[in-house]
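In: Below are the sequence and a predicted model; questions follow.
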Amino acid sequence: MKFRFETLLQVHKNKENLLQKQLGDILAHKQKQQNRQDFLKVSRENEIKQVNQRMTQNLNIDTYFLYNIFFEGNHFQNNRQQKIISEIDTRAEAKREELVEASRKRRTMEILKERDLTQYENKLIKIETELMDEVASTHWHLKS
């Protein structure tokens with residue numbers, strides 16, 4: 001017996017799989033952006049150490065100016081990365097909601113399939129019982 005909505009169930013399964021892949025891609029992109037932000041943080045910390053070491057030496061104003069430009073650029077890049085990660089989080093949350101909805105629809109179809117199968121099995125049992133009753137009745141009439 002084939003479930004009457006088998007095609008629709010497959011569509012829901014395929015949509016759920018596609019959404020899972022898209023969510024995975026979004027999360028992988030987020031990880032790359034977080035790695036980039038971590039790199040910016042590490043480079044800033046390394047440069048701070050370097051500036052502190054050079055403070056003991058006589059530095060000219062140009063060197064201080066270059067470090068200042070670096071730190072401002074690093075701060076700007078860090079803020080930009082934070083915005084990018086925030087946007088990715090928003091996209092990921094929206095995709096999660098889509099995935100939950102797709103999973104709910106797929107599960108609903110699976111429940112319908114299980115109910116349909118149970119009804120079919122009960123119908124077969126009823127038919128078998130009726131046939132067995134008929135056979136027993138016929139056998140009893142032939143004996144008498």
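Out: Sure, I can see it.

In: just checking, what packs against whichever helix in the chain runs longest?
Out: Taking DSSP state H as the criterion, the chain has its longest helix at helix 61-143. If you count contacts as 3 or more Cβ pairs under 8 Å, 6 or more residues apart in numbering; DSSP states H and E, helix 61-143 packs onto helix 6-54. (C-beta placed from N, C-alpha, C; glycine too.)

In: I'd like to know which elements the helix it packs on is packed against.
Out: Helices and strands touching helix 6-54, by 3+ Cβ pairs under 8 Å, 6+ apart, are helix 61-143.

In: Give me the angle between the helix it packs on and helix 6-54.
Out: Counting by axes from the mean of the first three to the mean of the last three Cα atoms, to 10 degrees, helix 61-143 points 160 degrees away from the direction of helix 6-54.

In: what helix or strand is residue 58 on?
Out: If you go by DSSP states H and E, residue 58 is not part of any helix or strand.

In: State the pLDDT value of it.
Out: Listed pLDDT for residue 58 reads 75.
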